[in-house]
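Chemist: the sequence isn't on hand, but the structure is:
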């Protein structure tokens, strides 16, 4: 949570505090990028694996020959990908929690330089590109998850319709 400035602080102190907040945010972004570089391939392979096996398991589970083992595999894969997804999306959402605080801080800023520093940090946080990626192509956020779920569901229905028609 970002500290609210009091009205009696001098602009110099407020500017130093804003610069410290910006540098802390930059360090957090760099740390998240380093972790993301380490786990990028694992995350990509995990999503591809769960997506492909999820489609195959759904087709076999609800096909002509219903087998409990396929349903068990499908539930296990779904739980694993849901857990991974919740953790990865939370990183992306945490990066934007301070936006409301920064907006509130802007009411107490008296100089143009302070407003500029605050606006710069707000603009940086609005990019929402902090977090883990899928193959260094897409940031894993709620929009990405919705798209992946829709694609998997569409492929499952299409494949089941094609195989069991």
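Modeler: Now that the structure is in, tell me what you want to look at. Since this is a predicted model, take the numbers as computed values, not measurements. Numbering: from 1, shown residues only.

Chemist: now for the protein, the helix or strand with the poorest mean pLDDT.
Modeler: The helix or strand of the chain with the poorest confidence is helix 99-105; it has a mean of 77 (mean pLDDT, DSSP states H and E).

Chemist: list the buried residues for that one?
Modeler: For helix 99-105, a neighbour-count test (16 or more other Cβ atoms under 10 Å) marks 102, 105 as buried. Backbone N, C-alpha and C define where each C-beta goes, glycine included.

Chemist: right, and the helix or strand after that helix?
Modeler: helix 112-126 (DSSP states H and E).

Chemist: which outside residues touch that following helix?
Modeler: 11, 14-15, 18-19, 21-22, 25, 95-96, 98-99, 102-103, 105-106, 109 (Cβ atoms under 8 Å, 6 or more residues apart in numbering).

Chemist: buried stuff in it?
Modeler: 114, 117-118, 121, 125.

Chemist: so where does the nearest residue to residue 80 once chain neighbours are set aside fall, helix or strand?
Modeler: Counting by Cβ to Cβ, 6 or more residues apart in numbering, residue 50 is the residue found nearest to residue 80 once chain neighbours are left out, at 6.6 Å. Using DSSP H and E, residue 50 sits within helix 11-61.

Chemist: just the buried subset of the contacts of helix 112-126, written out for ChimeraX, thanks.
Modeler: To isolate the buried members of the contacts of helix 112-126 in ChimeraX, using 16+ other Cβ under 10 Å:
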select :14,15,18,21,25,95,98,102,105,109
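
Chemist: related to what we said a few turns ago, for the least confident helix or strand of the chain, packing partners?
Modeler: Where contact means 3 or more Cβ pairs under 8 Å, 6 or more residues apart in numbering; DSSP states H and E, helix 99-105 is packed against helix 112-126.
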